[in-house]
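**Student:** Sequence and predicted structure, then a few things I'm wondering about:
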Amino acid sequence: MASAVAEGMARATQPNPAPVPVRTSHLKMTNPETFDGKPSTPFNTWWKSVTKYLSFYPETSDQQKIAWVGTRLTGTAKAWDLHRYDTLGENDSWVNYAADIGTEYHDPREAANTQLKLSQLKYSGDIRAYMTEFRALNNYARAAGESLQEKIDLAMTDAVLDMQFAHYMGEFADDEGFLEATYQAVLQVEKKKALKQAREQGKPTGSATRTEEKQRDDRKKDPRPPRKEDRQEARKDGGRSTKWENTAAALKGVPQQEIDAHKRNQDGCWRCGRTGHKTFECFSFQTVQGTALPAAPWKAAAVGKASPRHPVPRDQGKTTIQPRNPPQKTKK
């Protein structure tokens with residue numbers, strides 16, 4: 001009992017362990033761009049980036065803020081800052097400095113220019129990029145209500161407007177509701193367009209899907225030369241135009257499993273699996289896997305005809321006339 005009490009008192013008299021210091025990372029923010037004081041440079045946009053930067057460092061004193069802003073000024077704006085420092089020196093305050101620089105460089109035409117840019121902004125296939133730029137410009141244009149809705153409606157395509165009017169009836173309660181409805185309508189149109197393109201690309205057609213120039217480049221790049229019998233058959237055709245009626249006819253008799261494997265090679269023929277020719281121009285007798293293929297129509301029609309290189313002799317089937325006085329052999 002006594003020993004237990006002694007151990008408890010010993011632990012109570014021991015000092016508490018020192019707290020482990022917590023490591024914190026010091027984040028840094030990129031400096032805003034410089035401001036030259038020219039009318040072509042929008043002051044309000046620049047000043048907003050300045051105030052956002054300073055709010056990231058709340059422990060900065062007024063004199064440090066004024067000195068730092070001076071480092072982000074160039075041209076006539078830098079001259080204005082130096083003249084102010086020569087006049088007020090350390091007696092300047094941040095509240096007065098911020099108010100005076102705003103009065104000096106605020107451009108009343110900036111709002112009108114932003115309104116013009118907002119009216120000229122058009123949706124060009126990326127709704128996220130459009131909405132981001134629209135909100136950035138509208139921070140200064142302050143368009144709202146019917147004015148905001150009209151600008152967005154004029155920027156959209158007919159397909160987007162049809163989708164919007166088909167799903168949203170009546171008036172919108174606020175601008176955010178209208179923006180969200182437009183955003184969702186454009187997403188549906190973009191999704192429908194992407195699905196349509198995917199269907200068209202995956203659908204076999206009898207028309208050429210690539211240009212002749214691309215086909216010639218593929219023939220040059222193809223590491224696998226045509227088979228010997230294919231080259232011989234191509235020469236027998238005399239170079240005439242030979243094509244299947246359509247892709248479905250060309251793929252008749254080819255196992256579906258091999259067709260699917262051939263389609264994975266975007267530059268390859270769906271019939272034989274080789275490159276360098278189109279599917280409806282293929283006259284191969286077997287696939288790259290070794291499966292026998294039916295003969296092309298123009299090949300089947302040529303079976304049984306005499307080759308132009310080996311014509312039938314003129315005297316074939318005629319009686320041979322023997323000479324009247326055959327030469328006699330002389331005995332030695």
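**Tutor:** Perfect, thanks for sending it. Residues are numbered from 1 along each chain as shown.
**Student:** per-residue confidence averaged over the longest helix seen in the chain?
**Tutor:** For the chain, the helix with the greatest residue count under DSSP state H is helix 175-202. The average of the pLDDT scores along helix 175-202 is 86.
**Student:** tell me which helix or strand of this protein sits lowest on mean pLDDT?
**Tutor:** The weakest-scoring helix or strand in the chain, judged by mean pLDDT, DSSP states H and E, is helix 228-236 (a mean of 51).
**Student:** If we ignore the residues flanking it in sequence, what's nearest Tyr97?
**Tutor:** Distances taken as Cβ to Cβ, 6 or more residues apart in numbering place Ile66 nearest to Tyr97, at 5.2 Å, with adjacent residues excluded. Where you see a C-beta, it was placed from the backbone N, CA and C, and this is true even at glycine.
**Student:** now do His277
**Tutor:** Closest to His277 by Cβ to Cβ, 6+ apart is Cys269, at 5.8 Å.
**Student:** which ones are touching that neighbour?
**Tutor:** His262, Thr275, His277, Lys278, Thr279, Cys282, Ser284 (Cβ atoms under 8 Å, 6 or more residues apart in numbering).
**Student:** one more time with 6 Å, if that's ok
**Tutor:** His277, Thr279, Cys282 (Cβ atoms under 6 Å, 6 or more residues apart in numbering).
**Student:** quick revisit: so the residue nearest to Tyr97 is in which element?
**Tutor:** helix 62-71 (DSSP states H and E).
**Student:** Which residues outside the next helix or strand after that helix are in contact with it?
**Tutor:** Per DSSP H and E, helix 62-71 leads on to helix 75-88 as the next helix or strand towards the C-terminus. Helix 75-88 is contacted by residues Phe35, Asp36, Gly37, Gly70, Leu73 when judged by Cβ under 6 Å, 6+ apart.
**Student:** Low-confidence stretches in the protein?
**Tutor:** 1-26, 169-170, 203-242, 267, 298-332 (pLDDT under 70).
**Student:** Report the residue ranges of every domain in it.
**Tutor:** Per the record, the chain has its domains at 43-107, 110-201, 221-300, by automatic domain parsing.
**Student:** Would you mind giving these as JSON lines with distance to Asn31 added?
**Tutor:** Output for the domains of the chain, formatted as JSON lines (distance: least, Cβ to Cβ, whole Å):
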{"stretch": "domain 43-107", "distance to Asn31": "7"}
{"stretch": "domain 110-201", "distance to Asn31": "20"}
{"stretch": "domain 221-300", "distance to Asn31": "47"}
